[in-house]
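Student: Requesting a structural model of the entry that follows:
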Amino acid sequence: MKNKFLKYILGFFVTFFIVSFFIGVMVNIKTKTNLKSPILDASPIEFQNLNAKSSTVVSMSNGQIIAQKDSNKMLPMASTAKLMTAYILYSEIKKGKISWNDRVKISNDISELSLTDGLANVPLYSDDTYTIKNLLISMLDVSANASAMAIGNFISGSPDEFAKLMNQTAKEMKLPIDQYKFYNASGLRNGDLIGSLKLNNVSDDSENEISASALATLSYNLFKKFPEVSNIMQQSEIEFPQNKLGLVQTFLTTTSSIRGFLGVNDYKLLAAKTGSSKKAGSVLVGLFFQKNNLQNYISIVMNGSDMNDPSATWEKTLLALESADSKGQFLNYKIGESVKGAEKISFLSTEKETIDLGLSKPINIWINEKKVANISANGFSYNRSLSSVSKKDVFKTSINNVKNLKKVYGVNSGLKIKLSPLESSKENWNPLEAWYRYLIH
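Tutor: Residues are numbered from 1 along each chain as shown. All right, here's what the predicted structure looks like:
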């Protein structure tokens, strides 16, 4: 009888330990929880009363589109095409194919273009040479058309080859094929170009075209990958050396002119690229810094006014930004901050059972509503049997309560985040405690 009782007792404990072991393996080794905060809408504001053919406002922090109007419509872009020329030049510099000190010899056609009434602002003289850096500065800061054409020819050898490179670069940026068409480095009508600068088999009325969404993508890539561009474009005036004349010319920059017109407000204009033509009207790409929420934005207005009244477009570019900002807010999370649903992890064999998690990288998401709001994240599977954990470890999951988030082309619109332990923990050598953790979780 006694032996039978002992067998029952022994069988009970063996069964208990076996069952608890398998429960621990199936439930505890890989653990996952899901908590979701109220759904947050990140869809872009649709401008209803903005008197312009197209517009978009983009956050520089992550490429999120926060407001728009007919932003996929392809329109003439005029001199904002020079942003693509600048992007290609910076890419060639980065590859080591070109140096800032390389000197460019000026052809007769480019010199004539630089001296043509209505198309000129920085004269370039035949057989003189100018550094790539000075040509870039004059192209960006005072929209020098001849400087843009000189840069394009220097990179590709001819206007035709550079136009092909511009379109190929747009394709590599993931711009939709029906939202861009590049013909030349400057943005001028083909009919305004001279001699060898003019494309054959292309009508005189042909000029570069792009959608506001595609232009925002181009601008975002330029300012994000090459932040020094905005430093160049922030200058109030530039000095342009004319070696042949033995003098230095001074020019007031576009950014300085627009900054003076807009006056003092909550948005500091960091960089501006204008464009104007009969078909394009007035176009502006502005990089702004919001002094209150410390955010950088790209604000774009296309055909916001007649080409002879650019200041109306400048004003609308700021109004578009203010309107978008007034209807939404940024949710900012710093490195080390916790996210609901993924605040902590627990282990079976570490000295500290529960470890708090924090963001490995900051999160910046705009939502189109003004209310107290928080993001939440999906729980994630991880191995609870790890014997140690380090602050350098990374756990991946995704935000689960934000919908309709839209970004510029080529930028992942996913909501994936990375979390890291806020402290390290070594292995715990007490097997009984580890077993106890199996049982209670």
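
Student: what pLDDT does the residue nearest in space to the middle of the chain get?
Tutor: The centre of the chain sits closest to residue 63, judged by Cα atoms, centre = their mean, with a distance of 3.7 Å. We note a pLDDT of 96 for residue 63 in this prediction.

Student: Skipping adjacent residues, who's closest to it in space?
Tutor: Spatial nearest neighbour of residue 63, excluding adjacent residues (Cβ to Cβ, 6 or more residues apart in numbering): residue 411 at 4.0 Å. For the C-beta atoms, the positions are set from N, CA and C on the backbone; glycine is no exception.

Student: was I right about residue 284 contacting residue 276?
Tutor: No. Taking contacts as Cβ atoms under 8 Å, residue 284 lies outside contact range of residue 276: 9.5 Å.

Student: Return every residue with contacts to both of these two.
Tutor: Overlap between the contact sets of residue 284 and residue 276, as judged by Cβ atoms under 8 Å, 6 or more residues apart in numbering, is given by residue 310.

Student: more crowded one of these two?
Tutor: When neighbours are counted by other Cβ atoms under 10 Å, residue 284 and residue 276 differ, and residue 284 comes out ahead with 28 against 23.

Student: list the contacts for the residue nearest to the centre of the chain?
Tutor: Under the contact definition (Cβ under 8 Å, 6+ apart), the residues listed for residue 63 are 217, 220, 224, 407-408, 411.

Student: what's the answer for residue 209, then?
Tutor: With contact set as Cβ under 8 Å, 6+ apart, residue 209 has these partners: 74-77, 180-181.

Student: Specify which member of the residues you listed is nearest to residue 304.
Tutor: Nearest to residue 304 among these: residue 75, at 10.9 Å, using Cβ to Cβ.

Student: List the neighbouring strands of the host helix or strand of the closest one plus their orientation.
Tutor: In the assignment (DSSP states H and E), residue 75 maps to strand 74-76. Partners of strand 74-76 in the sheet, by DSSP bridges, are strand 209-211 (antiparallel).

Student: for the next helix or strand after the strand it pairs with, packing partners?
Tutor: Past strand 209-211, further along toward the C-terminus, the next helix or strand under DSSP H and E is helix 212-225. Counting contacts by 3 or more Cβ pairs under 8 Å, 6 or more residues apart in numbering; DSSP states H and E, helix 212-225 is packed against strand 54-59, strand 65-69, helix 82-95, helix 228-233, strand 281-290, strand 296-302.

Student: Residue 158: which of the ones you listed is closest?
Tutor: Going by Cβ to Cβ, the one of these nearest residue 158 is helix 82-95, 14.4 Å.

Student: what comes up buried for that closest one?
Tutor: In terms of neighbour count (16 or more other Cβ atoms under 10 Å), helix 82-95 has its buried residues at 82-93.

Student: Just the residues contacting the next helix or strand after that helix, thanks.
Tutor: Scanning forward in sequence from helix 82-95, with DSSP H and E defining helices and strands, the next element found is strand 103-105. If you take Cβ under 8 Å, 6+ apart as the criterion, strand 103-105 is touched by 127-132, 135, 150-151, 154.

Student: And strand 103-105, what's buried?
Tutor: Under the neighbour-count rule (16+ other Cβ under 10 Å), strand 103-105 has residue 104 buried.

Student: Quick one: mean pLDDT for it?
Tutor: Per-residue confidence for strand 103-105 averages out to 96 on the pLDDT scale.

Student: Can you tell me which helices and strands the helix or strand following it packs against?
Tutor: Later in the chain than strand 103-105, the nearest helix or strand by DSSP H and E is helix 108-114. Under the contact criterion of 3+ Cβ pairs under 8 Å, 6+ apart, the helices and strands touching helix 108-114 comprise helix 145-156.

Student: roughly how far out does the helix it packs on sit from the chain middle?
Tutor: Using Cα atoms, centre = their mean, to the nearest Å, the mean C-alpha position of helix 145-156 is found 26 Å from that of the whole chain.

Student: Now do that helix against helix 82-95, angle only.
Tutor: With axes from the mean of the first three to the mean of the last three Cα atoms, to 10 degrees applied, the angle from helix 145-156 to helix 82-95 works out at 40 degrees.

Student: 14 is where my numbering starts, stick with that
Tutor: Got it, the first residue is 14 from now on, which makes the last one we talked about helix 158-169.

Student: pLDDT at the nearest residue to residue 115 once chain neighbours are set aside, what is it?
Tutor: Ranked by Cβ to Cβ, 6+ apart and with sequence neighbours excluded, the top spatial neighbour of residue 115 is residue 145, at 4.9 Å. Each residue has a pLDDT score; the one for residue 145 is 98.
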